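Q: Fold the following.
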Amino acid sequence: MISMNFKKLFLWMGVGILISFLYFISYAPRSDDNNIRLARVKKIDFDIQVNTVGVLDAARFHTVSSEIRGNKGKIISLIEDGKRVGKGDILVRFDPTPFETEILSLSGEVSAHAAVLQASEQLLKWEKSQVAREIKVAEFELSSARLELKEMRHGEGPMRLAQFESDMEDAKQEYQKHESFLKELKKLKERGFSNPTEISQAEEKVLQLKRVFEISKRKYDSFREYLLPSQIENAEAKVQRSRMELEQAKKSGSYKIGKAMAAVKKARLQLKNVEEKQRQSQRELDKTVVTAPFSGIAVLFESFMGDRKRKPRIGDAVWQNKPILYLPDISSFIVKTKVREVDLYKVRKNQAVNICADAYPDMIFTGRVLSIGALAEKTRDLGMEKYFQVTISVGGQDQRLRPGMTARVAILSERVKDVLSIPIQSVFSEGKGKFCYRYNDGYFEKTPVEIGAQNEYFAEIATGLEHEDRVSLTMPDPDKVKTALTPAPDRIRFNGDATAHAGMREEARIVRKKKPDPIPVEKKKKKSVQDTRQPDADKKSVRISKLRSVSEHRRPAARQKMSYSVQAGICHEKRNAESMVSELRRKGYEAYLFEAYDSKKQKWFAVRTGDYADLKTASRAAFSFRKRENTKPVVTRINSLRPVRIKGL
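A: Model prediction:
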C-alpha cells in the first residue's frame, strides 16, 4: 500500500497529464470538411487488465460467541461497538452467579461421595479378611475328615477287627479244648472209669465256652460286615461334606468380595461424576469472561433477538455458539471480488493487482491474487452471467481501512508492447466478425480486421489495417461507405500461455469460390514449398499462402515422411522458442524447431513435440500432451503453421 504525500501526488498528476497529452496527439479525433471523428492506427504499449469491484475484509478474523451450554450466558458487560481492542482485552462478561452456586453445591457432594468411597473400600477389606478366614476353616475341616477316613480305613478300623478276630479265636480254642476234654471223660466213662461230677462240670464249662465263642464270633462278624463299613462311609461322607463346605466358602467369599468391590466402584464412579460436574462448572465459570485473541475492532453482530433484529446488549441471555461480535484483525486485509467467466483466462494466482478504496480515492494499494474459485456462480442481479470468486491480498497497512469498504480492483494480466492499436470504440461487430471504417479520400472502406489483445480503451490490430491508417470512431454515413475488395487474412492463434505467445500468427489469404485470380505465390529455388488447404463443408475453395521452410532445428530425417505435427507454441523470437524446446526436452519430449516465413516475409519459430503419419495419431498425442502439461497444443500439417481443427482440442 502506498500512502501518497503531496510530492507523490504531484508526480502522479504529472504522469496523468503526460498520458493524456500523448493520447491526444496520437488518437485525438481528426475532422475533415464534414466534421468526421477519426483516429490514426499507431504502435503503442498498453496494459491488459481485469477491472472489477469488491469488498474489503480482514485477512484474519474471529467470531465471538457464547461457549456456555444452553442459554445460561447472560451478558453483564459488553465492549462498545466499533471500539479498538488489544490482545487480551475483555470483550464480554457473562453472569457467573449460577456457576459459582453450582460449584459450591458440588463441593459438598464431592466430600460426601469421597466418604462413601472410603467406607466402601474399608468394607471391601473386611470382607476379604472374613472370606479368607472362612476358607481356612473349611480347609481345616476337610483335612480332619480326610485324616479320620484314613484312620478308619487303615488304623483303628482294622485294629478293632483284628481284636475281635483274636478274641473269637481264643474263645474258639478254649471251647475246643474243653470239648476235647469232655470227650475224653466220656470215653473213660465208657471204659468204666466214671466220674459223674467231673463230667458234669466239664459239660457246664463246654457250654459256657461255646456261648463265649459264639458271642465273639458274632461280634467279629458284625464289626466286619456292618460296623467297619458304616464307620468308613461316615468318614467318607464327612470328607465330602467338608469339601463342599470349602467350595461353598470360596463361592460365597467371591460373591461377598464382588459385592463389596461393586460398591467401591459405584462410589468411585459417583465421586468421579460429581467431580466432573464440578470441573465442568468451573470451565463454564471460566467461559464467563471472553477476551480478544488478537488486536482488532469489535463489531457487534446483528441478529434476531425475540421478534426483531438488533445488536446484543447487557441483560441478553444468548444461546451457545450464537455470534455476539465479530473481531477483524485490521493489520492485514483481503479483497473479495468476482470476475466474469469471459475474463477468467486473464487471471492467475500471484498476479499483481492495484486496489483503490472508494473511501480514500487518493490512495493506491498493491496486492496479489491469492485464490480463484473452483465453481462458477450465477448472479440474477447481473443478468445470470457466470462469475468466479477471486480473493486478493492487500499489501501494507493503513489504520483508516475498515472491513466492508468498497474496493475497486485492477488485475494486471498482460502488457502489450509496440503493437498496432486503435481506440476500442472504432471496432464494430457484424455476426462473429470484426471490422473498421477506414477513411480514404472522403469515403470509408468497411474493412474486416482481426483483433488481438485489447482492454477497455485500446484494441490490437492483428491484420486488416496498416500503420497511420485512419479509422472512424463513429458509424459513418452509409452513402460514404465502400466495401473493401480484399478480406482480412486469417489468423492463427496458439491457445496456450497468453504472455509467451501473444501476437503469434500466420498470414493467410482467403479466396472464395469464383474469384477470378488466386493470390500469387512467390516461388524460389532450393526452398521446399507445400500448399496447405483447409476442408470446407460448403465446398468453398480455401487457399493459404505458401510457407517457405528455412530450417528444421535438430529434426530427424525419418520425420520427413510424416504428414502431421503436434505444435506446442510459436514465437517471433528464436531465443524464446529455443528455451521452450530445452524445457520440453528436459521433460522427455523429442522437441525441435520449425522455422518458416509467412506471405509478408515475417519469420516464425514453431516448437513441435513430434511428427505423425496420420491425423488420428497426432490428435491422440496432442490430447496426451494437453493432459500432462495442462496447456493446449495444436495439430498442424508437417510444413504448415496453420492449425487443423480437432473437436475438443
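
Q: for the chain, which spans come out with low pLDDT?
A: Low-confidence segments of the chain, defined by pLDDT under 70: 1-35, 379-384, 483-561, 648-649.

Q: okay, which residue is most central for it?
A: Closest to where the C-alpha atoms of the chain average out (Cα atoms, centre = their mean) is Ala374, at 15.5 Å.

Q: Check whether that one sits in a helix, strand or coil.
A: Assigned by DSSP: H, G, I helix; E, B strand; the rest coil, the conformation of Ala374 is strand.

Q: Lys336 too?
A: With three-state DSSP as the criterion, Lys336 reads strand.

Q: Quick check: it touching Ser393?
A: No. Between Lys336 and Ser393 there is no contact under Cβ atoms under 8 Å: 11.2 Å. Using the backbone N, CA and C atoms, a C-beta is placed for each residue, glycine as well.

Q: neighbour-wise, which of those two wins?
A: Between Lys336 and Ser393, counted using other Cβ atoms under 10 Å, the more crowded position is Ser393 (18 against 13).

Q: Confirm the more buried one sits in a strand?
A: Yes. Assessed with three-state DSSP, Ser393 lies in a strand.

Q: residue contacts, it?
A: Ala59, Ser332, Phe333, Ile334, Gly367, Arg368, Leu370 (Cβ atoms under 8 Å, 6 or more residues apart in numbering).

Q: and the gap between Lys338 and Lys259?
A: According to Cβ to Cβ, to the nearest Å, Lys338 and Lys259 sit 72 Å apart.

Q: out of the two, which sits in the more crowded spot?
A: For Lys338 versus Lys259, neighbours defined as other Cβ under 10 Å are more numerous around Lys338 (18 against 13).

Q: How about that one: what's its closest non-neighbour residue?
A: Tyr387 (3.9 Å; Cβ to Cβ, 6 or more residues apart in numbering).

Q: In three-state terms, how would the one you found be classified?
A: Here Tyr387 is strand, with the state taken from three-state DSSP.

Q: Pretty sure Gln454 sits against Pro423.
A: No. If you go by Cβ under 8 Å, Gln454 and Pro423 don't touch, sitting 10.5 Å apart.

Q: What residues are bridge-paired with Ala459?
A: Judged by DSSP bridges, the bridge partners of Ala459 are Ile422, Gln454.

Q: just checking, it touches Val419?
A: No. Ala459 is not in contact with Val419 according to Cβ under 8 Å; the separation is 9.7 Å.

Q: And Leu370, how far from Val394?
A: 10 Å.

Q: right, I mislabeled it, should have said Lys601
A: 49 Å.

Q: of those two, who's got more company?
A: Just comparing Lys601 and Val394: by other Cβ under 10 Å the higher neighbour count belongs to Val394, 24 against 9.

Q: could you check the distance from that one over to Thr63?
A: Taken as Cβ to Cβ, the span from Val394 to Thr63 is 21 Å.

Q: Then Val369?
A: Per Cβ to Cβ, Val369 is found 26 Å from Thr63.

Q: Confirm for me that the residue nearest to Lys338 is in contact with Asp343.
A: No. Taking Cβ under 8 Å as the definition, Tyr387 is not a contact partner of Asp343, at 9.5 Å.

Q: who does the host helix or strand of Met244 touch, helix- and strand-wise?
A: Assigned by DSSP states H and E, Met244 falls within helix 228-286. When contacts are defined as 3 or more Cβ pairs under 8 Å, 6 or more residues apart in numbering; DSSP states H and E, helix 228-286 sits against helix 97-154, helix 156-191.

Q: After that helix, which helix or strand is next?
A: strand 289-291.

Q: that older thread, joint contacts of Leu370 and Val394?
A: With Cβ under 8 Å, 6+ apart as the test, Leu370 and Val394 both reach Ile334.

Q: hmm, back to that, which neighbours do Ala459 and Val419 have in common?
A: Gly452, Ala453.

Q: between those two, who's got more neighbours?
A: Neighbour count, other Cβ under 10 Å: between Ala459 and Val419, Ala459 has more, with 23 against 19.

Q: which ones are touching the residue lying closest to Tyr326 once chain neighbours are set aside?
A: Counting by Cβ to Cβ, 6+ apart, the nearest residue to Tyr326 once its immediate chain neighbours are dropped is Val299, at 4.5 Å. Neighbouring residues of Val299 by Cβ under 8 Å, 6+ apart: Asp81, Gly82, Leu325, Tyr326, Leu327, Pro328, Pro403.
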